[in-house]
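>>> Next come a sequence and a model predicted from it.
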Amino acid sequence: MNNTNLKNIEKLNYLAWKSRYLCTKTFHESGKGGHFGGSFSSAEILTTLYNGILRIDPKNPKWPNRDHLIVSKGHMAGILASVLAIKGFFLIKKLSEYDQLGSAFGMHTTRKIIGCEFATGSLGHGLGVGIGVAIAKKMDHFNSRVFVLMGDGELDEGSVWEAFMSANKFHLDNLIAIIDRNMFNMEGNTEQTMPLEPLHSKLSSFGWEVKTIDGHDVQELYNTLSKIPFTKDKPSCIIAKTIKGKGLALKEGVYKSHYIKMNDRDYKDCIANIKEKMLNSTAKVGENE
Amino acid sequence: MISVIDKINFKEYRNLINRDILRKILLEIGKIEKNTILLGVDSLESGSGNLFREKFPERVFDFGIAEANMISATAGFSLMNKIPIASFYGFLVPRIAEQIRDDICYNNCNVKMITNTSCFNLATGGPTHHGTEDLSILNSFPNLTIIVPATPKETIIAVFQAVLEHRGPVYLRLTRQMEEEIYSDDQIKKFKIGKSITLLNGIDITIIAAGRSLIVAKKAAKSLQSKGISVRLIDMHTIKPIDKEVVIKAAQETKGIITIEDGNLNGGLGSTVCQITANFFPTIVKMIGVPSDKFTIIGPSEDILWDYYGINIKNIELLADSILQR
């Protein structure tokens, strides 16, 4: 790997941890806590998308031929807002409006968040929306793509499988489903709550070209996402294996990370841990962000 | 600017009945607005999409028997400035209520939902195929406009306006039983979404109807008039947002109101009228419709079921008497 590549990869690492930092601060300062588990498992996925893959312009968020990202797991609004702020869609200080009366920023995504394409919250909606966007892009000969970021827990919803089934019928090779496979629903392991495995072969049998990768490895995320569509005329799916609550010292990889309200001591520890990761990344690229 | 009304040639529809009318409406709209697309759930033919499909196959999408996915997809299409027209049976509204609420209404997408199979259209189908609760549910969704046209001409103009002029989500509740016409071309050209039509301006009693029950109401009004009763007859084609001022005025100027609709009494036209009168000018309101506490029954035809539930001239006359004798 040459130096430029290394620098870019470490920059993505740094930005992913920075998004965790902002998200933690936002949740804690609101006094409410938040959906840490699913937010932190998606940090590298979102960061890589916004800083290496998506064809978007933060200064012109409605540019017609932009790529679309539909965040189907709407409860990760905290990390999405942090990543969008870092990318420059709005000022970072706007995040302090989280949870205020009538705010754009709350537990779930809203259309009031600049750069957020679609309001979600109740699960199992996003992929169907992505189907409509993808067909419309093809009708108008746009070469842009639509990405749908989904949780693995929401795959229990029947509407998701209706959507999986239809993507292949419409030959949507401009549609990319990314599954944040953190292995947990809200109240337990996905395989105990409602078994999804063998997920890869299930999705393949629905006509998707599927790749299973490490969802925290920004290099692997970048390389894989750069190769879409994996096969012409077929929808692409990435099963991104992640750790729920990645970065939480005490609750990493457990379902109890789903929603947390931290006490001040845990918050301090969490922030210290995240800052250390940010420093490690900047040290590797030899610059201070 | 040329209004869509000027683009309608009512003569071309004159000899068409029922589903053929909607078939032609969709075709004509497709010719005028190239961004319209038609979505179905194994229902494009029964939903009168065949002429549109023959002419514009590349703008038609069949989602199979998967309504939730189709509704979510309509929202996606609208993000890309398409005007999706989704066609489905009215009884399916409870199943897709969340997709309509979150994806279409909350995101305020320019999506048009059309059912041409409402309430007792599929009479023999029984309760699972009776679309009785669609308005009860949809009436509570912000951003959504609900239109229930009564006659062929009103259906034509309502669909044209909803698709081509109105921006935002619309639910068009049509019927397969639509045959009788009560409007002249000139009368119907004044049609405006959200603005009711007062057909008779009497002072004794008000009848407010929506959909084909307006035909029943008109016949009842004629019978009441022959007995010397002065009737106010209102075509409340837009259930949401309802024409509030006209309801208040009727409450103030007549001795009572009768509402008539082919749907569940909870949350439909009658309920909305009661809310308005209770809040602004309390008066007696008698509601005709499908009772809310019992599932419907199988019947050989829509008309027989209407009679069974009292959606008929006789019931209007009885209720008018009871109001006027108070």
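That came through fine.
>>> hey, where'd the helices end up in the stretch 151-300 of chain B?
Taking DSSP state H, counting those that start in this stretch, the helices of the stretch 151-300 of chain B run over residues B:152-164, B:185-188, B:213-226, B:244-253, B:269-280.
>>> Nearest to chain A among the ones you listed would be which one?
Distance to chain A, taken as C-beta to the nearest C-beta, is lowest for helix B:152-164 among these, at 16.7 Å. (Glycine included, C-beta is placed from N, CA and C.)
>>> Just the buried positions in the closest one, please.
Going by neighbour count (16 or more other C-beta atoms under 10 Å in any protein chain shown), the buried part of helix B:152-164 is B:152-164.
>>> which residues are contacting that helix?
B:4-5, B:7-8, B:10, B:13, B:16, B:21-22, B:25-26, B:28-29, B:32-33, B:36, B:83, B:85, B:112, B:114, B:145, B:147, B:149, B:170, B:172, B:174, B:178-179, B:181, B:183, B:185, B:188-189, B:191-193, B:235, B:237 (C-beta atoms under 8 Å, 6 or more residues apart in numbering or on different chains).
>>> Among the residues you listed, which lie within strands?
B:36, B:83, B:85, B:112, B:114, B:145, B:147, B:170, B:172, B:235 (DSSP state E).
>>> Chain A: which of those residues is nearest?
Among the ones in strands among the contacts of helix B:152-164, residue B:83 lies closest to chain A (C-beta to the nearest C-beta), at 10.8 Å.
>>> Enumerate every residue touching residue A:179.
Residue A:179 neighbours (C-beta under 8 Å, 6+ apart): A:150-152, A:155, A:199, A:237-240.
>>> Pull the distance from stretch B:200-214 to the chain's centre.
Here stretch B:200-214 is found 15 Å from its chain centre; the criterion is C-alpha atoms, centre = their mean, to the nearest Å.
>>> Only alpha carbons, please: show that stretch as CSV.
Coordinates of the C-alpha atoms in stretch B:200-214 are reproduced here as CSV (Å, rounded to 0.1, in the frame of the first residue of the first chain):
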residue,chain,number,x,y,z
LEU,B,200,-79.7,22.3,-3.2
ASN,B,201,-79.7,25.3,-0.9
GLY,B,202,-82.8,24.6,1.3
ILE,B,203,-83.4,25.7,4.8
ASP,B,204,-85.2,22.8,6.6
ILE,B,205,-82.7,20.0,6.6
THR,B,206,-79.2,19.3,5.3
ILE,B,207,-78.0,16.1,3.7
ILE,B,208,-74.2,15.7,3.3
ALA,B,209,-73.0,12.9,1.1
ALA,B,210,-69.8,11.6,-0.5
GLY,B,211,-69.3,9.2,-3.3
ARG,B,212,-72.1,7.3,-4.9
SER,B,213,-74.3,7.8,-1.9
LEU,B,214,-74.8,11.3,-3.2
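>>> rewinding a little: so how do I select the buried members of the ones in strands among the contacts of helix B:152-164 in PyMOL?
Burial among the ones in strands among the contacts of helix B:152-164 is assessed by 16+ other C-beta under 10 Å; the matching PyMOL selection reads:
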select buried, chain B and resi 36+83+85+112+114+145+147+170+172+235
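>>> State the three-state secondary structure for residue B:39.
Here residue B:39 takes the strand state, with states given by DSSP: H, G, I helix; E, B strand; the rest coil.
>>> which residues does it form a beta bridge with?
Judged by DSSP bridges, the bridge partners of residue B:39 are residue B:61, residue B:86.
>>> That one: neighbour count?
Look at residue B:39: counted by other C-beta atoms under 10 Å in any protein chain shown, it has 28 neighbours.
>>> Run a quick check on residue A:193 versus residue A:183, I expect a contact.
No: when contacts are counted by C-beta atoms under 8 Å, residue A:193 is not listed as touching residue A:183 (10.3 Å).
>>> These two: which has the busier surroundings?
The residue with more neighbours, out of residue A:193 and residue A:183 and counting by other C-beta under 10 Å, is residue A:183; that gives 20 against 15.
>>> How confident is the prediction for the residue nearest to the more buried one when sequence neighbours are not counted, by pLDDT?
In this structure, residue A:183 finds its nearest non-sequential neighbour in residue A:190, 5.6 Å apart by C-beta to C-beta, 6 or more residues apart in numbering or on different chains. The model reports residue A:190 with a pLDDT of 96.
>>> who's in contact with residue A:190?
Applying C-beta under 8 Å, 6+ apart, we find residue A:190 in contact with A:152-153, A:155, A:183-184, A:196.
>>> Tell me the buried residues within those residues.
Buried members of the contacts of residue A:190, scored by 16+ other C-beta under 10 Å, are A:152-153, A:155, A:183-184, A:196.
>>> And the helices in the stretch 101-250 of chain A?
In the stretch 101-250 of chain A, the segments counted as helices under DSSP H, counting those that start in this stretch are A:126-139, A:158-169, A:190-193, A:199-205, A:218-225.
>>> Throw those helices into JSON lines and include distance to residue B:121, thanks.
Below are the helices of the stretch 101-250 of chain A laid out as JSON lines (distance: least, C-beta to C-beta, whole Å):
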{"stretch": "helix A:126-139", "distance to residue B:121": "27"}
{"stretch": "helix A:158-169", "distance to residue B:121": "25"}
{"stretch": "helix A:190-193", "distance to residue B:121": "41"}
{"stretch": "helix A:199-205", "distance to residue B:121": "38"}
{"stretch": "helix A:218-225", "distance to residue B:121": "49"}
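>>> Quick check: which of those is buried the most?
Mean neighbour count, computed with mean count of other C-beta atoms under 10 Å in any protein chain shown, is highest for helix A:126-139 among the helices of the stretch 101-250 of chain A, reaching a mean of 28.
>>> What residues does chain A have near chain B?
With C-beta under 8 Å from any C-beta of the partner chain as the criterion, chain A meets chain B at residues A:68, A:70, A:111, A:117-122, A:124-137, A:139-140, A:146, A:158-159, A:162-163, A:165-166, A:170.
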